[in-house]
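>>> Predicted structure and sequence below. I'll ask about it afterward.
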Amino acid sequence: MTNSVPELADAKVIFIIGSNTTENHPIAAKWIMRAREKGAKIIVADPRWIQMSDLAEIAVQQRLGSDVALINGLMHIILKEGWQDQAYIDARCENFEALKAKVEEYPPDKVAQITGIPAETLRQMAEIYAKNKPASIVYCMGITQHTTGVDNVKSLANLAMITGNVGVASGGVNPLRGQNNVQGACDMGGLPNVFTGYQPVADEAANKKFSEAWGKPLPNKPGLTILEMFNGIDEGKIKALYVVGENPMVTDPDLHHVEAALSKLECFIVQDVFLTQTAKLAHIVLPGTSFAEKDGTFSNTERRVLPVRQAIKPVGESRPDWQITADLSTRVGYPMQYDSPEEIFEEIKKLTPSYAGMSYKRLEEKGLQWPCPTADHPGTVFLHKDRFSRGQGMLHAIDYKPPAEEPDADYPMFLTTGRAFVHYHSGTMTRVSPTLHREMETGYVEISPTDARNLGIKNGERIKVSSRRGEIQIKAKISRKVNRGVVFIPFHFAEAAANMLTNPAYDPTAKIPEYKACAVKVEKLAA
Amino acid sequence: MDFRTVNTTCSYCGCGCGILLEVLDEEVIGSLPVKTHPVSEGSLCIKGWNIHEFIGSDQRLKRPLLRKNGELQPVSWEEAMTAAAAGLKNVVEKYGPDAVAVLASAKVTNEENYLIQKFTRAAIGTNNVDHCARL
Ligand code: SF4
């Protein structure tokens, strides 16, 4: 996030798009509620009618995958009415003329047609967003999990910049991270193109610094992203896979393909706390520990590095993951010797300017938000205060592109996927928790009353949902949360796996698959 | 009877709420909110309140497993780690380091992610490391 979670409480308007905040980030939602109590206006744009929609000043259900058109349409209205912050644009942004010319092509009537939102409603949204400051945008996977995910994110940045809302307290563009330590996994260089702190592997100086620190010349060619890895396995180029704490057999798109690919590996190692669907296919399974059995740190969605503390001894013979990885490294000929996670953290600090000023001691009480470059730096509550990290803020002229797959005669409905409030990701942790399991025992598909009636489907009936990639049987849940023509399936449940159906087509830059939109057919089971 | 509480961070979502794990005789029996935490300020959601339940689940993996004759079987750490190292070394020797891919994790700590990418880049010699954040 460019800003902090508690800052949301002081926003005057909060535009929530593609984030089911109350279910997936309940405590972030609490700060949004606080803002609302203090008079802030809430705008919600989500293909489903979510709980936040009930609390909003305006809530719209845009057509799946039409976000760029929607945001361009809002900017069109803002610029036509002169509601932009021209002084901010002139002082801090580049490429405004190109953006202006592009959004000129998105008048309300055209946008209404693409998004399904009436022109008058678009106007109200634009006015509320532009005229109340500071304005904060909150988004999640509903924005990123599209073939146009990067375009969607850039469009939101455009909207925030032309209204002067980036680099101000309680404003900004704020992605809520899906999993708990996504921020940390990225910060620590768990990505194919960067070392810690986003230092590029291809950058000569960065590569030299890390090569010297680690005592070995390091490759400077960026590696494969996760989807490229699975394609590589399928093509026989990748022969060994080491998976730590991930369960791609439930979370990846097009599961048939993933399973077929994994069976081709010569060496497949999985390290996890449970025997996941993925671990069941491995050659070697190494038992790691839960967060309660080790020390360390997590970085939350607002860049705050927080302490994780050991509460009990590792269960059974399980071992903390840092010990397993260090041992494996030593055994393949690159010795790693660490006595504690704190010792590893000290090494991270030396190599990572944004973490340099932190220490376990300083993190003890409330954590620290990066960048925190020196031992007396208080941490950074919001980013881009006086300037953007690259100098001027770049505005991008972006065209709307439809999803990679749209409903047609064979597969006439749109499927979108997401989470449910009691479960987490592939469900390996939450589904063994009796309290959470009781709340929601298995998967379901939400279908609108009209579609259910037309297909003769009753609430609770087992039905068939199929796509070009596979089919599943699943319980129908008739719900007004989805529009006619759209169905929704939560992806936590291996036995009714939404990802048997989803489309692996991905965003060309971010390589994020289009989980949020594909074409499906819904049918009654044969009698 | 040995009872204590341990101040730590919830691992179920990116809010990073503060939790107090209640530990009774080496078992985590409950989870409580932390009033002084900057984000959660004494609140937790249903997942945070129940996070202790998965820690002690009887489905936890307690021993390393190795596939023998097509079946995963419990083995010692020594046997599992020897097999893992040999498997990786064999692939690197036969096909080169770029034939190895590693998935880091949005569920483990920063320190662990750091070691995983260091392992991939320095020990194996490839940049084929990613995680499931995109998913
Ligand atoms: S308590 Fe709930 S909102 Fe807070 S970190 Fe845990 S899962 Fe997220």
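Right, received. Where do you want to start?

>>> Need the nearest residue in space to the closest residue to the ligand within the stretch 251-400 of chain A, chain neighbours excluded.
At 7.8 Å from the ligand, residue A:300 is the closest residue in the stretch 251-400 of chain A, using CB to the nearest ligand atom. For glycine as for every other residue, the C-beta is placed from the backbone atoms N, C-alpha and C. Among residues not flanking residue A:300 along the chain, residue B:16 sits closest, at 2.9 Å (CB to CB, 6 or more residues apart in numbering or on different chains).

>>> Which residues are in contact with the one you found?
A:180, A:298, A:299, A:300, A:301, A:302, A:304, A:306, A:367, B:9, B:10, B:39 (CB atoms under 8 Å, 6 or more residues apart in numbering or on different chains).

>>> so where does it fall, helix or strand?
Using DSSP states H and E, residue B:16 falls within no helix or strand.

>>> tell me the centre residue of chain B?
Of all residues in chain B, the one closest to the mean position by CA atoms, centre = their mean is residue B:108, 4.4 Å from it.

>>> counting residues per helix, which one in chain B is longest?
helix B:77-95 (DSSP state H).

>>> What's the mean pLDDT across it?
Helix B:77-95 comes out with an average pLDDT of 96.

>>> likewise stretch A:434-442?
68.

>>> ditto for stretch A:202-211
Mean predicted confidence for stretch A:202-211 is 94.

>>> Check stretch A:445-463 too.
Stretch A:445-463 comes out with an average pLDDT of 92.

>>> Could you check which helix or strand contains residue A:343?
Using DSSP H and E, residue A:343 falls in helix A:341-351.

>>> where in chain B is pLDDT low?
Residue ranges of chain B with pLDDT under 70: B:133-135.

>>> Once you drop chain neighbours, what's closest to the residue of chain B found nearest the ligand?
The nearest approach of chain B to the ligand comes at residue B:48, 2.3 Å away (CB to the nearest ligand atom). Ranked by CB to CB, 6+ apart and with sequence neighbours excluded, the top spatial neighbour of residue B:48 is residue B:10, at 4.6 Å.

>>> thinking again about what came up before, so which one among the contacts of residue B:16 has the lowest pLDDT?
residue A:180 (78).

>>> Which of the helices or strands spans it?
Assigned by DSSP H and E, residue A:180 falls outside every helix and strand.

>>> burial measure for it, as a count.
Residues near residue A:180, counting by other CB atoms under 10 Å in any protein chain shown, number 28.

>>> Now, the contacts of residue B:16 that are in strands?
Secondary structure defined by DSSP state E assigns A:298, A:299, A:304, A:306, B:9 of those to strands.

>>> Touching, residue A:46 and residue A:22? I think so.
No - contact criterion CB atoms under 8 Å: residue A:46 and residue A:22 do not qualify, at 11.4 Å.

>>> Show me which of those two is the more surrounded one.
residue A:46 (24 against 20).

>>> So the helix holding residue A:343, near chain B or not?
Yes - using CB under 8 Å from any CB of the partner chain, helix A:341-351 reaches chain B at A:341, A:344, A:345, A:347, A:348.

>>> what does chain B put close to the ligand?
B:10, B:12, B:13, B:15, B:16, B:17, B:40, B:44, B:45, B:47, B:48 (CB under 6 Å from any ligand atom).

>>> Report the contact partners of the residue of the stretch 151-300 of chain A found nearest the ligand.
Closest contact between the stretch 151-300 of chain A and the ligand, by CB to the nearest ligand atom, is at residue A:180 (6.6 Å). Contacts for residue A:180 (CB under 8 Å, 6+ apart) come out as A:298, A:300, B:10, B:11, B:12, B:13, B:14, B:16, B:106, B:107.

>>> quick one: contacts for the closest residue to residue A:348 other than its chain neighbours?
The shortest distance from residue A:348 to any non-neighbouring residue, by CB to CB, 6+ apart, is to residue B:114 (5.3 Å). Contacts for residue B:114 (CB under 8 Å, 6+ apart) come out as A:188, A:189, A:196, A:344, A:347, A:348.

>>> same thing with residue B:90?
A:266, A:267.

>>> what mean pLDDT does the helix holding residue A:343 have?
Helix A:341-351 comes out at a mean pLDDT of 95.

>>> does the next helix-or-strand element following it come close to chain B?
Downstream of helix A:341-351, the next assigned helix or strand under DSSP H and E is helix A:360-363. No - under the criterion of CB under 8 Å from any CB, chain B is not reached by helix A:360-363; the shortest gap measures 10.2 Å.

>>> If you rank the contacts of residue B:114 by neighbours, which is first?
residue A:188 (31 neighbours).

>>> Mind pulling up the pLDDT for that one?
93.

>>> Next up, phi/psi of the residue nearest to it when sequence neighbours are not counted, please.
What sits nearest to residue A:188 in space, not counting adjacent residues and going by CB to CB, 6+ apart, is residue B:113, at 3.9 Å. Here is the backbone geometry of residue B:113 (degrees, to the nearest 10): phi -60, psi -40.

>>> on that earlier part again, out of the contacts of residue B:16, what pair is the most spread apart?
A:302 and B:10 (14.4 Å; CB to CB).

>>> ok so residue B:114 is a helix residue?
Yes - counting by DSSP: H, G, I helix; E, B strand; the rest coil, residue B:114 is found in a helix.

>>> For residue 83, give me its contacts.
All of this is about chain A. A:77, A:126, A:127, A:130, A:131, A:163.

>>> you looked at the wrong chain, it should be chain B
Neighbours of residue B:83 in contact, by CB under 8 Å, 6+ apart: A:283, A:284, B:66.

>>> Repeat that for residue A:498.
Contacts of residue A:498 by CB under 8 Å, 6+ apart are A:415, A:417, A:443, A:472, A:489, A:490, A:491, A:515.

>>> Specify the local secondary structure of residue A:42.
strand.

>>> Can you name the residues bridging to it?
Judged by DSSP bridges, the bridge partners of residue A:42 are residue A:14.

>>> tally of neighbours for it?
22.

>>> Residue B:45 now?
Count around residue B:45 with other CB under 10 Å applied: 23.

>>> Now do the nearest residue to it once chain neighbours are set aside against residue A:48, distance only.
Distances taken as CB to CB, 6+ apart put residue A:26 closest to residue B:45, at 3.6 Å, once the chain neighbours are dropped. Residue A:26 is 17 Å from residue A:48, where distance means CB to CB, to the nearest Å.

>>> before we move on, what about residue B:82?
50 Å.

>>> surely residue B:77 meets residue A:317?
Yes - look at residue B:77 against residue A:317 with CB under 8 Å: they come within range, at 6.8 Å.

>>> Overlap of the contact sets of these two?
residue B:64.

>>> ok, the residue nearest the centre of chain A - contacts?
By CA atoms, centre = their mean, chain A has its centre lying nearest to residue A:141, at 4.2 Å. Each residue near residue A:141 by CB under 8 Å, 6+ apart is listed here: A:18, A:19, A:178, A:418, A:515, A:516.

>>> how about 10 Å then?
With contact set as CB atoms under 10 Å, 6 or more residues apart in numbering or on different chains, residue A:141 has these partners: A:18-20, A:24, A:149, A:175-178, A:417-419, A:512, A:515-516, B:134-135.

>>> Just the ones of those in helices?
A:24, A:149.

>>> can you count the residues close to the closest residue to residue B:82 other than its chain neighbours?
Using CB to CB, 6+ apart and skipping the chain neighbours, the partner closest in space to residue B:82 is residue A:331 (7.3 Å). Close neighbours of residue A:331, defined as other CB under 10 Å, add up to 17.

>>> quick one, what contacts residue A:331?
B:81, B:82, B:84, B:85, B:86, B:88, B:89, B:123.

>>> what's the answer for residue A:91, then?
Residue A:91 neighbours (CB under 10 Å, 6+ apart): A:85, A:164, A:387, A:392, A:393.

>>> Just give me the neighbour total for the nearest residue to the first one once chain neighbours are set aside.
Put plainly, it is residue A:85. Closest residue to residue A:85 apart from its sequence neighbours, by CB to CB, 6+ apart: residue A:164 at 3.1 Å. By other CB under 10 Å, 22 other residues sit near residue A:164.
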